[in-house]
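Participant: I'd like to go over a predicted model; first the sequence, then the structure.
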Amino acid sequence: MAKIKQQEVFDFVRKYTSKNKFAPSLEEIKNHFRFASVSTAHYHIKKLEDAGLLRKQENKARAINLDIEQKMIQVPILGAIAAGSPIEAIEDRQETIAIAQSAISGFRSNDVYALRVQGQSMIEEGIDDGDIVIILNQHSPNNGDKVVALINNEEVTLKKFFREKDKIRLQPANSTMNPIFVEPDELTIQGKVLMTVKTAERIKPTPLIKNPLPRKSLSFGEPNTLFELEKPPKFPSTRFQGSKTKLLNQIWEHIKDIKFDSAVDLFGGTGSVGYMLKSKGKQVFYNDFLKSNYLAGLALIENSKETLDENDIDFILSVHSNIDYPDFIQKTFEDTYFTDQENKWLDIVSTNIRQMKNKYKQALAYYALFQSCIIKRPYNLFHRKNLYVRFANVERSFGNKITWDKPFEEHFINFVKEANEAVFDNNQKNKALNYDAMFLDTKADLVYIDTPYISSKGSAVDYLDFYHFLEGISDYTNWYSKVDYKSKHRKFKSEKSIWADKKRIAQAFDDLFRKYKDSILVVSYRSDGIPTPEELIKILKKYKKDVKEVFRSDYKYALSKNGESKEILIVAK
């Protein structure tokens, strides 16, 4: 028996299909019921499918097939066709669209196929970019027919067909565009349009995996000998500047023989080092000054069992009538980082996350949201107002436009899956903390230190400037008071860190090493830093007897322009 909301969805699908001769898209279902995302629409369709009331093919747009009086057929979508300049159509029979058989009355189903429209040249005929056209495989059109035209056996376009005296005119249905004239022997008609299916829908994201299969081995280093994991963990993918994820094997190789049971990851950042130590059975105290980073530590290091389930995702991605949604992101960051629609989505979803009562579930949701924001940003940063880069028609040596344009909700669900799979219990009481490193009082056997760097040229890494947008989301209600409204990209008001001040950084290191002199110190650094590695070792020797640089790596960070700088690890005991 379908629940009330699912019954309403079923009734809408039935009435829509009866009226239009094809099934509604998930996007149209979402809009009709004012869901926040198509994933909510998919959730209800899946429940109706489980109840035996309809069928939907996986990863197929509009492939909703009702078990009612309407006889539905599956029409293959063979690829894309230009409603603009001609492009090559790509045949791909893996995707289909469900339409009512009555829509092609008088023709066999084998005589029709579908194409996805790209471009704006047919908008005055009601055919928009992203729509799907149902094509009859017919080669002799009449004047005025909308046709699939193959030009010189190379390029395919969608236009209106007209015979002139000695040429064929392919006329766009857009008064701002010019017609295309071709010789009759240069043209092959591959079909004419029977109907248009209105859709802006994208293929749904990979379903959330609630119970991932156990992995056979750890993602880094050697198997831990202190405890055994039924499901050895995998650290989620990350795009944070300065992450040590790709250096974990080297770091572990040089500290694995040191006897220690507890560790402080003092400048935790992405949490990759702290997570690696957790996977080795150590008690980990993760710390970071940025609240957005602290939430990552809460989700992946302190958290030992909580994951996000379907009900959590449904709540996060829905609009709730009892919640008054703010519009701070929409008003403050218009045309800055994301589109207007994306900004609205962020206002809604971040508000929903703030309503969550379980702090670990909330942290997981924030983690997935932050990763979703980063992956949709050119350079994965928020250091400048450059939304235009996503839409500029230019060659790029960076980024991935397909990734940038993928809907937020698809990224979000995929990152939730990764985060869920990363949750595990190492039988230790791990803790995530949100302090300035100078004021943290936690003691541990080993302290891992990876401060922001100042290069030999005086250029400092400012993580707050890079990720202020994420920091704002993590403290949404106070965000307005922290913004520098004079800056184009609405960064936080300047708070220069001692780690970005070349006149004070040497003393900062001295103070830090003195504070933790009773612990084993493991320091990640760069060969071109201020102070120099030699100066840093000299400071360390004031408090530790055994100080060694244990390796230098040629590892180069993304976006780094200094090919000479090397990654260094120093161990002080």
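Facilitator: Arrived safely, thanks for sending. Residues are numbered from 1 along each chain as shown.
Participant: neighbours around His320, how many?
Facilitator: Neighbourhood size, His320 [other Cβ atoms under 10 Å]: 13. Where you see a C-beta, it was placed from the backbone N, CA and C, and this is true even at glycine.
Participant: so, low pLDDT: which residues of the stretch 201-350 of the chain?
Facilitator: Low-confidence segments of the stretch 201-350 of the chain (pLDDT under 70): 201-232, 239-242.
Participant: where along it do the helices fall?
Facilitator: Counting by DSSP state H, counting those that start in this stretch, residue ranges of the helices within the stretch 201-350 of the chain are 248-253, 272-279, 291-297, 310-316, 328-332, 340-354.
Participant: got JSON lines for the ones you listed, with mean neighbour count too?
Facilitator: Written out in JSON lines, the entries for these read as follows (neighbours: other Cβ atoms under 10 Å):
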{"stretch": "helix 248-253", "mean neighbour count": "18"}
{"stretch": "helix 272-279", "mean neighbour count": "27"}
{"stretch": "helix 291-297", "mean neighbour count": "25"}
{"stretch": "helix 310-316", "mean neighbour count": "18"}
{"stretch": "helix 328-332", "mean neighbour count": "18"}
{"stretch": "helix 340-354", "mean neighbour count": "19"}
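Participant: which among those helices is found nearest to Lys192?
Facilitator: The minimum distance between Lys192 and the helices of the stretch 201-350 of the chain falls on helix 340-354, with 34.2 Å, by Cβ to Cβ.
Participant: show the average pLDDT along the helix or strand just after the closest one.
Facilitator: Going down the chain from helix 340-354, the next helix or strand is helix 359-375, by DSSP states H and E. Across helix 359-375, pLDDT averages out at 95.
Participant: helix 359-375 packs against which elements?
Facilitator: Contact partners of helix 359-375 among helices and strands, from 3 or more Cβ pairs under 8 Å, 6 or more residues apart in numbering; DSSP states H and E: helix 291-297, helix 310-316, helix 340-354, helix 408-422, helix 463-474.
Participant: could those helices be laid out in JSON lines, adding distance to Glu334?
Facilitator: Output for the helices and strands packed on helix 359-375, formatted as JSON lines (distance: least, Cβ to Cβ, whole Å):
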{"stretch": "helix 291-297", "distance to Glu334": "22"}
{"stretch": "helix 310-316", "distance to Glu334": "24"}
{"stretch": "helix 340-354", "distance to Glu334": "7"}
{"stretch": "helix 408-422", "distance to Glu334": "17"}
{"stretch": "helix 463-474", "distance to Glu334": "14"}
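Participant: what's around Val571, how many residues?
Facilitator: Residues near Val571, counting by other Cβ under 10 Å, number 20.
Participant: counting by contacts, list what the strand or helix carrying it packs against.
Facilitator: For Val571, the element it lies in under DSSP H and E is strand 567-572. Contacts of strand 567-572 with other secondary structure elements, assessed using 3+ Cβ pairs under 8 Å, 6+ apart, are made with strand 520-526, helix 533-540, strand 547-553.
Participant: so Thr477, which of the three states?
Facilitator: Using DSSP: H, G, I helix; E, B strand; the rest coil, the three-state assignment for Thr477 comes out as helix.
Participant: and it, what pLDDT?
Facilitator: 91.
Participant: and it, what does it touch?
Facilitator: With contact set as Cβ atoms under 8 Å, 6 or more residues apart in numbering, Thr477 has no partners.
Participant: next one: Gly126
Facilitator: Thr196.
Participant: what do you get for Val9?
Facilitator: If you count contacts by Cβ under 8 Å, 6+ apart, then Val9 has Ile29, Phe33, Ala41, His44, Ile45, Leu48 around it.
Participant: wasn't the fifth one part of a helix?
Facilitator: The one in question is Ile45. Yes - counting by three-state DSSP, Ile45 falls inside a helix.
Participant: that one against Leu26, yeah?
Facilitator: Yes - in terms of Cβ atoms under 8 Å, Ile45 counts as a neighbour of Leu26; the distance is 7.1 Å.
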